[in-house]
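# Provide a 3D model corresponding to the input given below.
(chains A, B, C and D)
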Amino acid sequence: MAHIHLQDGALPLSALLLWWATAVILLLVCIWLVRRRRTTDPAVITIAAFCTAAAFAVFQVSLPVFGGVHINLTPLIGILTGPFIGGIVVLIVNLLSAAIGHGGYGMIGANLILNIVEVTVSYLVFRVLARLTSSVFTRAAVATVVGLVAGNLVMIGIIVVSGVQGVTLGLAGMIQGLSLIAAVNLGVAVIEALVTGFIVDRIARARPDLVRGAS
Amino acid sequence: MSPSHAGPCSHHTGPVGRDEIIHVDCASHRYPDGSLGIHQMCFSVRRGEIVALCGSNGSGKSTLIEHLNGLLTPACGRVVVNGNEVGAGDCTDLWKTVGVVFQRSEDQLFAPTVLDDVMFGLRNLGFSPEEARERAQKTLDLLGAGDIAAKMPNYLSGGQRRLAAIAGVLAMRPDVIALDEPTSDLDPRHTAIIEEVVRSIRERDGISVVLATHDLDLAARLADRVCIIHNGSIIAEGTPREVFHDEEALRNAGLAPPLVVTLYRDLCRQGLAKPGVFPVTPDELAAQISGMSHDPSAPGNVVAGTEAEYRTGTGR
Amino acid sequence: MSPSHAGPCSHHTGPVGRDEIIHVDCASHRYPDGSLGIHQMCFSVRRGEIVALCGSNGSGKSTLIEHLNGLLTPACGRVVVNGNEVGAGDCTDLWKTVGVVFQRSEDQLFAPTVLDDVMFGLRNLGFSPEEARERAQKTLDLLGAGDIAAKMPNYLSGGQRRLAAIAGVLAMRPDVIALDEPTSDLDPRHTAIIEEVVRSIRERDGISVVLATHDLDLAARLADRVCIIHNGSIIAEGTPREVFHDEEALRNAGLAPPLVVTLYRDLCRQGLAKPGVFPVTPDELAAQISGMSHDPSAPGNVVAGTEAEYRTGTGR
Amino acid sequence: MPGTALSSHVPDPDLISYLAERNTSWFSRASPWTKAGVLVWLVVAVTVIPSLLVTGLLLSVVIALYASCGLPVRRLAGWCVMPVVFVVSLVILMIWSVPGAVLFSLPFPGGPVSLTTGGLSLLFLLVGKALVTVIYSLTFIMTTPMAELSAFVSRALPSPADQIFLLAYRFLFVTLATLAAMLTAIRARGGLVSGVVSQTRLMAEVFGLLFIRSFERSERVMKAMQSRGYRHDLIAATPVTWPGPGGIAVLAIACCALGAAVASGAAGGAGI
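Now for the predicted structure:
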């Protein structure tokens, strides 16, 4: 849920360009690494594509708890595909989301930065936890919470650095307001962690080959 | 009942019959993208009968089925189930009366194990976990699938999946079970098992069955009544004997007559079978050909062996 | 060729026949999860023939097909295609020789439009985009599906999807096309179209066809040779006439004999048909029954009407 | 085809592509490059223009464009709900104590906060800006046939992102239909059991199953690609037209106008 739900027109142009440039560099690194590691392996392409389609489909459903929560499963993408392919997957999910009005086009740059952080952090935490616990559910849930908290910190950083246009709130006031949002997001993160934990657990039981180090 | 080519809908409009558990009255439904679902559809299901809905792909069979348990509501016309009109407030419990087994059973099994899945509907009905578990296991046993209870749906074969999906609906003891293309991707052995299950659902449990299929041979073997559906309306209705010998209706609906009917027609043309008897199963046809030395009204005696073969699933 | 119950594999081991384009020699494959794919499988395809692989779900049909174009390699035994042994370095181009149309055609159409999809294999063969486009369009036209070229696969009916998938393989002009359950989810009208396409692939293009199916009626209508496959091995092989009257082999494989065969057997028992003729299509059976007044070796004359009906797809 | 709408507030991709396939309006004949150019221009414009009046003007132009293409106006209102909620949920915290005439004040521990006309116009401005690009984006995708759109996007992205996009886009509809079928099957057996934990758990089961289904499908697609000699990239051969003289002229004029507006705005303050 740590999508920056800022639509177009909220951030100043200089900030948009800064975040876009950063995101493009991160993406090029992802693409370069994917290309270098496996050049024409259709498995990489197809699995990434179906993760994208499934993640986007899930993003369209509102959970029937707390009046309808949408989850966007970036930590799950990280856990299943790793950080590099995950970066490409979140790019496409963001493009598709912007096309139907969920998040502005200009915001894709900023969203990508924090999504790549979420994907990478969740992936690493999930891998590292394998040494501490054998419970796939726990690993996935903790990885999700840590990933989403990291994403939230990045989000606050991005908004504070950019400043919302026309808002005259001081830095302290801005951070106060954003902390409130972060708190709400944290609540949602707990739900998303449970859901992700269940999903990864389910996948690991049905298809252990798909979750690295599941058994 | 004589074969009736349903004309304008008003012919059917009227009070709900006494033994009718489902009464669809001139219902129409169009999808948001403009494609036709059903159009002035009149259809009914009586207690304890097996009705086959026969039509080609896209003729409206599945749309009709989704109307029967309230997944869709008709844009005009009405659907009356157990005396309650769908969409009139009372119908939120429709899923208790009409159970649906969808065409793709793999999308229907969402719980981690088969037993959990069969328990799902029972828990929604208010059973305690223990009662639900017991009843779910009993239903699976009845279908001869007790051994798959603990399995994950992913690891089931197509036929087992179908049985699990049927168990999930049957456990809830609805008054009607609708099966959408229950045998479309199964081999003859599994088809025979599903056939036997459908028969037992009706005979042992007294549940009405609605069977959507494009396999007319299957319909001929199972159904008491057949409805030919085309472009969202029923264009012919009657017993298999009546409908499957109605060449024109089948041709209009884009369906091929069962093989038995084709053969019978050839044989009549050559004077080897008596016209006007209309066999629909191989047994009846064989009895026909073996001719007039046997009593054609008792075909079971003539080919008892074949019939037995059918029941055990070695025959088709 | 007489029906042969394949015994130990060594019976078949030997040099590749001169007109054999595919020669599978005692090949075995087991999946990582321990389930059996094929076991001591011996199988061959000759130039220009239609071979039907008949078996129940899970008998090993699909596994064998995936061996034919190198998606799988046998753990032991060998697969020789066009004189080259699979897995011996030369087989990377196997996909050019053997085209596979998979059971789920929707998963085989992965490009944005049908034309893009048919072009995919051609581009991989080294055709320029222009040549590929022209050839793809021509193939679609040949199959009578030229009008769906610009469509998205999502919006195709089941039958159109199957045609598009066949076009994608046919455009590449392989020597063999393998079709896995090509009609399992199609209604009779679309089944008839696919049947006609299979005939024309062989007759017009001279391409051998391997047809995996559990529909023995379909196999009886199309195949020159039938292999009954069970538990990963071929347990009977011969012409449809020979194999489909081999009750024991069919029973072992869990298959039901075609309806025509069942009827014929009943009629023989009653002395209404001559034993030892073994009809496999309704035409032949009708000719049989109409008896000895017609020449049984020319069944086409007797029931030309029925045959014509079949071709146009109104019959099944 | 049965619709796969999962919510009236989320545009249904099935309906969008259905409308796109059949749209024959004047705008559907424009080059995707022109349409994309306009999109970029709009994103920049709403970013740099601080004027409520200009934003309102842009919004009316975009709505007029949407309507003139014969697209469903009533559905648009439902689709705009989520973007508005997104904007409001963030900005609601930041519109207090903005300079301007005070409308009302609320007591607050650190001193009262007040809503002013300035704060209210800020809210309208940000909502308006958001809707400009949302509505234009929907117009864009609903007037461009899917084959052309995917060919366009695949040319704009580097490999393998283009490959992943093409496949994901192709199978998005299938995945959504699978998800809808699962949710239908749940409704057919009485819907969701009450209780937050069991509901969350059930939805997780469904999502997990969706991912497993997707993996199985990806394996079948991979086999199909390999068996046709996967080597050349998956391509979208549908031709993508280049901008015509009209399109180039529109873009050029729009850029000049924006440049002039920004220059005058920078010189003369924040405009109206």
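# out of everything not next to it in sequence, what's closest to the residue most central in space within chain B?
Centrality entry for chain B: nearest residue to the mean C-alpha point is B:Leu211, 1.1 Å, by CA atoms, centre = their mean. Spatially, and ignoring its direct neighbours in sequence, B:Leu211 is nearest to B:Ala52 (4.7 Å; CB to CB, 6 or more residues apart in numbering or on different chains). Any C-beta I mention is one placed from the backbone N, CA and C, and that applies to glycine too.
# tell me which residue in the stretch 101-250 of chain D sits closest to chain A.
Using CB to the nearest CB, D:Lys129 is the residue of the stretch 101-250 of chain D that sits closest to chain A, at 2.6 Å.
# measure D:Ala130 to chain C for me?
Distance from D:Ala130 to chain C, counting by CB to the nearest CB, to the nearest Å: 30 Å.
# pLDDT (mean, whole number) over stretch B:46-53?
Averaged over stretch B:46-53, pLDDT sits at 94.
# how about that stretch, which residues are buried there?
B:46, B:48-53 (16 or more other CB atoms under 10 Å in any protein chain shown).
# show me the two of those that sit farthest apart.
For the buried residues of stretch B:46-53, the farthest-apart pair by CB to CB is B:Gly48 and B:Leu53; their separation is 17.4 Å.
# that older thread, pretty sure the residue of the stretch 101-250 of chain D closest to chain A sits against D:Thr55.
Yes: contact criterion CB atoms under 8 Å: D:Lys129 and D:Thr55 qualify, at 5.5 Å.
# what about the two, which has more around it?
Higher neighbour count among D:Lys129 and D:Thr55: D:Lys129, with 29 against 23, using other CB atoms under 10 Å in any protein chain shown.
# distance-wise, check that one relative to D:Thr47.
For D:Lys129, the distance to D:Thr47 (CB to CB, to the nearest Å) stands at 8 Å.
# do the helix or strand hosting D:Leu42 and chain A meet?
Assigned by DSSP states H and E, D:Leu42 belongs to helix D:32-48. Yes: shown here: helix D:32-48 in contact with chain A (CB under 8 Å from any CB of the partner chain) through D:39-40, D:42-44, D:46-48.
# quick check, that helix touching chain C?
No: for helix D:32-48, no contact with chain C is found by CB under 8 Å from any CB; the gap never falls below 13.4 Å.
# tell me the buried residues in that helix?
D:32-39, D:41-48.
# which one among those residues gets closest to chain C?
Nearest to chain C among the buried residues of helix D:32-48: D:Pro32, at 13.4 Å, using CB to the nearest CB.
# now do the contacts for the closest one.
D:144, D:148-149, D:152, D:240-241 (CB atoms under 8 Å, 6 or more residues apart in numbering or on different chains).
# narrow those to those in helices?
D:148-149, D:152 (DSSP state H).
# related to what we said a few turns ago, could I get the buried residues of stretch B:46-53 as CSV with secondary structure and distance to C:Gln108?
Shown next, in CSV, are those (DSSP: H, G, I helix; E, B strand; the rest coil; distance: CB to CB, whole Å):
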residue, secondary structure, distance to C:Gln108
B:Arg46, strand, 44
B:Gly48, coil, 44
B:Glu49, coil, 41
B:Ile50, strand, 36
B:Val51, strand, 36
B:Ala52, strand, 32
B:Leu53, strand, 30
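# taking chain B, what residue is nearest to chain D?
Taking CB to the nearest CB, chain B has B:Asn124 as its residue nearest chain D, at 3.2 Å.
# picking that back up, can I have the buried ones of the contacts of D:Pro32 as a ChimeraX selection?
In ChimeraX, this line selects whichever of those come out buried by 16+ other CB under 10 Å:
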select /D:144,148,149,152,240
